[in-house]
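A.B. asks: only the shape, not the letters, is given here:
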């Protein structure tokens, strides 16, 4: 679901992963027609990093 949100409304994708300042910057980027594609790419990349961070946290908790 977050992937679909990140494609359609990239700025909202940042808010769902707890990065509101990046979301506001992404909103300004998305307002311009040229900046919409980079905003989508940035949101999808950030979502991938978020998922990776969550997996690492889970593994570290299991080892403790």
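C.D. replies: Thanks, I have it. Not measured: the values here are computed from a predicted model.
A.B. asks: chain center to the longest helix along the chain: distance?
C.D. replies: Identified as the longest helix of the chain according to DSSP state H is helix 33-63. Mean-position distance between helix 33-63 and its chain equals 6 Å (CA atoms, centre = their mean, to the nearest Å).
A.B. asks: with stretch 29-49 instead?
C.D. replies: Put simply, stretch 29-49 sits 9 Å off its chain's centre (CA atoms, centre = their mean).
A.B. asks: returning to that earlier point: which secondary structure elements does the longest helix of the chain contact?
C.D. replies: Packing contacts for helix 33-63, counted by 3 or more CB pairs under 8 Å, 6 or more residues apart in numbering; DSSP states H and E, involve helix 2-8, helix 10-16, helix 20-31. Quick note: C-beta positions are derived from backbone N, CA and C, even for glycine.
A.B. asks: in that helix, what counts as buried?
C.D. replies: Residues of helix 33-63 classed as buried: 39-40, 42-44, 46-47, 50 (neighbour count, 16 or more other CB atoms under 10 Å).
A.B. asks: closest one to residue 15 out of those, please.
C.D. replies: residue 43 (10.4 Å; CB to CB).
A.B. asks: any idea how far the closest residue to the closest one other than its chain neighbours is from residue 54?
C.D. replies: Closest residue to residue 43 in three dimensions, ignoring its sequence neighbours and counting by CB to CB, 6 or more residues apart in numbering: residue 10, at 3.6 Å. Computed as CB to CB, to the nearest Å, the residue 10 to residue 54 distance reads 20 Å.
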